[in-house]
Structure formats: C-alpha cells, structure tokens
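> here is a sequence with its predicted model. Questions after.
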Amino acid sequence: MINRNIAPAVKEISKINLVKPQKHILSNGVNLYSFRSDNSPVIKLDVIFNAGIEYESEKMQAVFANALLKEAPKGMTPDETSEYFDYYGSFPEGFTGNDSAGLRLYVPKRYLSEVLPVFADLFKNPSLPENEFEILKSKHTESLRNNLKKTKYVAMKGLNSELFGSGHPRGNMAMPEDVESIRLNGIKDFVNKNYQLQNCFMQISGMADDESIELCNRYFGKTADKKSIVKKPGHEIIESSEKFRFFDMDNAVQSSIYVGKNFGKITEDELIDLSILNTVLGGYFGSRLMKNIREDKGYTYGIGSFLSEYNDCTVLKITTDVGINVTQNAIDEIFKEIDTLSKKRIHFSELNLVRNFMLGDMLSSFDGVFQTSAIWEKLISTGKSSSFINKQITRVKNITASELQDLSVRFFQNSGFHTVVAGKI
C-alpha cells in the first residue's frame, strides 16, 4: 500500500524518448508517417499541403479554399456529406497556417474503411459548391465587421502589418469589402494548384495497423499525376519605419497592447536560447511580465509573450489587454522588463524555476499519440529532425544566466520593437 505521508521521489528529466513514426511511401510517392497506439480505438489522419496563406495570390484564398474543400465531394451534397461522417461517428476539420493547410479526420478504427473513400474524395473530386461559397462569404463578412470592433483583433492585425507590411499575406488586414471581391473561380484555381494529393504528406495516429496503411495507399496513393513543385508567390517583407501605431476605438473600455520585434532569420541554437529567454520574460504564469503588470500593478488579468517561427524569420510578440487609464503605464512597464533582462543577470532560483517549467511542459506535450504526431507535424513542416527536441532539453538544463543576459543584449534592444495600441490612451 502507498504511504500517502511520503512525497514521491523527484526525478530529473535528462531526455525525452521521442517516439519516432514509421515512414511509409505510398504508390504515388507520398510520405505517410504512422504513430501506433492501442490505447484507444480511434484514428486521426492528417493530410497536409503547402497551401497556407503565403501561397495565396489574393486575400483570403487559402482560408476560403480550405473551408470549401471539406464541404462535399462531387456526387454528394454538403448535407449528405455531413450526415455520412456523423453516421460513422467521425468528423473532418480544416486548418490553415502560414505555410501549410489541410484536413484532419477523426474516425473510429472499425469504420475507417467506410469513411476513408469519402474523405479521400474531398481532395480528389472536390465540389466546392457555389451555394456554400456564398454562405461562407456572408458569414466571413459579418465576422470581419464584428472583429474590427474588437481591440484585440485590430491590435493583432495592426502589429502584423507593421512587422511585415500591408502587402504581405502575414500583414494585410482584410476588410469586409475584400470578401466581396473574392471569386469562386479563383478559389478553384487555388485548390487545383495547391491541393494535389501527390504534393502532400500524411500522418496517421492512433490504432493504425497494416490494414489502415493499406487503406491509405488504396485511396490516397493511386493518383496518376506526378509530383510537382508548388512555388510561393514572391512576397517582400516591408517593415514599417514607425515604431508606434495607435488605433482609436470608439467606446473602448480597455486597450489592447501588442508589442513585437522581427529577429530575421536565426539559427536553431538561437531559436532554442530565445525560447528560454522568452519564457523568463512572459512565457509562463510566473514570468516577469505577469508578476509586474498583473500581480504587482494590477493593470491586467493576463499578459504573455511568445515566439512565432516563420520560414524566413522569427518574431517575438507581447500581448495584453489593460484599462484605458493605464495604457501608457503598462507600455512603460513592458519595456522596463525588456530592458532589465539586458542589464541584470537572472537569479539562479528564477532560472531554476524556468528550467523546471519548460522541461515539465515539454514532457507533457508528448502525453499521447495525437500530441506526439502534432509535434512531428511541426518538425517535418519546418525541416527539423527529432534531435531538435533533445538539443532543446540539453540547452534548457545547461544555459547560464550570463548567456541569457548576452542574448538579451543582442536581440532585445528597445529600438527594434514595434508597439501597437487599439483602444484609448
């Protein structure tokens, strides 16, 4: 019997035994990565394409294409398709990122053979129905109108525009009138170009056995077209020379503050080190920004910072919502904490706390086969190997306060930061 009066032993995390997927090559050359677990009789199938927003030639092409793709294959109506998936306890969901986009299917293992033909047909014979296209335009227009009244949305889009330029897909701020200019023929062209099965990679996780792999090959591996290269349109980053932008929002009761800096193209080692420094600044509940601006000053319910990794750069962003009467005070305190990191070394007790948090967080991110497949999806999409994870663990355990201070001096210079406020000052 367990003695509840004795605390369990504390074990140091030395490495994570990352479960590597088994790689299969389908008949048409598509890579399929399988992650097997018999703990749950469910399968998740990810079909991932180079079809994110950076591949669009017109605003919102990628989002509309992805949303319409899952509506129905030719020969079925959207209602029939939805009812078919529901009948077998399965559902497809779409996702659109900067570089990649695609569909995921969640399905009970025993119904995979019934569901997979229809799911595959969404890619091979998409109907892209006009009625649903018009409904989507109407919904998107209304959603944009509502979002443009929200300080958080306006500040987020405003910062992206400052960092990348309004002409870049990451930086353009779509308006309701932009939705009206979208044409179905343009969406069809985007789908035909970017959603060819031979240009994707796939992941199957859960109770995936040999039969599951064979079914994937039968329905996804028989396309006759040869693999082609999908090229991105040339999008130049034009960073604003102005460092502060304000959006005056009528009737705002709070201000949304977004602060960011583009570090440009950095190495893997720099990315790992910056992720540690970011955790100290605002990457967890005990971070400096939280302690100062939330706990000590009471300006906000929450504040955080995070790194966004793109194919050509990495960006640090700090976000919060504050009362309109303390907007400038909050901005001052944000930059005070950024400045302190370069002037004063982190105490060993704080650094030890950050180490423990990051190691525990990484360990929990591999809790389950679906979470593991999500980590691998990011590794594969960004061209990283599994060694990146254990390299990260090693660095978290061994980085010094002096190295973090030097890193802050190199990257956290106030002059390079953009500040965007939506609300009131």
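Sure thing, it's come through. The structure displayed is predicted, hence computed values, not measured ones. Numbers count the residues shown, from 1 in each chain.
> quick one: stretch 122-134 to chain centroid distance?
Centroid displacement of stretch 122-134 relative to its chain, using Cα atoms, centre = their mean, to the nearest Å, is 25 Å.
> residues in contact with it?
Identification of contacts with stretch 122-134 by Cβ atoms under 8 Å, 6 or more residues apart in numbering yields 47, 64, 68-78, 92, 103, 184, 187-188, 191, 195, 197, 220, 223. The way it works is simple: take the backbone N, C-alpha and C, and place the C-beta from them, glycine included.
> among these, which are in helices?
If you go by DSSP state H, the contacts of stretch 122-134 have Phe64, Leu68, Leu69, Pro78, Leu184, Ile187, Lys188, Val191, Phe220 in helices.
> narrow the residues you listed to just the buried residues.
Among the ones in helices among the contacts of stretch 122-134, those scoring as buried are Phe64, Leu68, Leu69, Pro78, Ile187, Val191, Phe220 (criterion: 16 or more other Cβ atoms under 10 Å).
> helix, strand or coil for Lys261?
Under DSSP: H, G, I helix; E, B strand; the rest coil, the three-state class of Lys261 is strand.
> against Arg355, how distant is Asn131?
Look at Asn131 and Arg355: by Cβ to Cβ, to the nearest Å, they are 55 Å apart.
> in space, what's closest to the residue nearest in space to the middle of the chain - neighbours in sequence excluded?
Of all residues in the chain, the one closest to the mean position by Cα atoms, centre = their mean is Gly97, 6.3 Å from it. The spatial neighbour of Gly97 that comes closest, neighbours along the chain excluded (Cβ to Cβ, 6 or more residues apart in numbering), is Gly52 at 4.8 Å.
> cool, and Ile43?
Spatial nearest neighbour of Ile43, excluding adjacent residues (Cβ to Cβ, 6+ apart): Gly206 at 4.2 Å.
> so what's the one you found up against?
Taking Cβ under 8 Å, 6+ apart as the test, what Gly206 contacts is Phe35, Arg36, Ser37, Ser40, Pro41, Val42, Ile43, Lys44, Lys109, Val369, Phe370.
> check pLDDT for those residues and point me to the minimum.
On pLDDT alone, Ser40 ranks lowest of these, at 82.
> my guess is that residue meets Ser205, correct?
No - taking contacts as Cβ atoms under 8 Å, Ser40 lies outside contact range of Ser205: 10.3 Å.
> more crowded one of these two?
The neighbour comparison of Ser40 against Ser205 (other Cβ atoms under 10 Å) goes to Ser205, with 25 against 13.
> give the pairing partners of the helix or strand containing the more buried one; include direction for each.
Per DSSP states H and E: Ser205 is located in strand 201-206. Here strand 201-206 has these sheet partners by DSSP bridges: strand 31-36 (parallel), strand 42-49 (antiparallel).
> between these, which one is closest to Phe247.
Closest to Phe247 of the strands paired with strand 201-206, according to Cβ to Cβ: strand 42-49, at 34.5 Å.
> which residues are contacting the closest one?
Taking Cβ under 8 Å, 6+ apart as the rule, strand 42-49 contacts 100-109, 112, 116, 119, 123, 194-197, 199-208, 212, 216, 220, 230, 370, 373, 377, 381.
> circling back: adding pLDDT and distance to Asn292, write the ones in helices among the contacts of stretch 122-134 out as CSV.
Listed next are the ones in helices among the contacts of stretch 122-134 as CSV, based on pLDDT from 0 to 100; distance: Cβ to Cβ, whole Å:
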residue, pLDDT, distance to Asn292
Phe64, 97, 42
Leu68, 97, 46
Leu69, 97, 45
Pro78, 96, 50
Leu184, 96, 51
Ile187, 96, 47
Lys188, 96, 52
Val191, 96, 48
Phe220, 95, 52
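> pLDDT score for the residue located most distally from the centre of the chain?
Distance to the chain centre peaks in the chain at Met1, reaching 44.7 Å (criterion: Cα atoms, centre = their mean). We have a pLDDT of 73 for Met1.
> try Asn147
pLDDT recorded at Asn147 is 95.
> which residues touch the closest residue to Pro108 other than its chain neighbours?
Leaving aside its sequence neighbours, Pro108 sits nearest to Gly89 (Cβ to Cβ, 6+ apart; 5.3 Å). By Cβ under 8 Å, 6+ apart, the residues touching Gly89 are Val107, Pro108, Tyr111.
> out of these, which are buried?
Among the contacts of Gly89, the ones that count as buried by 16+ other Cβ under 10 Å are Val107, Pro108.
> using CSV, lay out the contacts of Gly89 together with secondary structure, distance to Gln22 and pLDDT.
Below are these laid out as CSV (DSSP: H, G, I helix; E, B strand; the rest coil; distance: Cβ to Cβ, whole Å; pLDDT from 0 to 100):
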residue, secondary structure, distance to Gln22, pLDDT
Val107, strand, 20, 97
Pro108, strand, 22, 97
Tyr111, helix, 23, 97
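> show me which of the contacts of Gly89 is closest to Leu159.
Among those, and counting by Cβ to Cβ, the member closest to Leu159 is Val107, at 38.8 Å.
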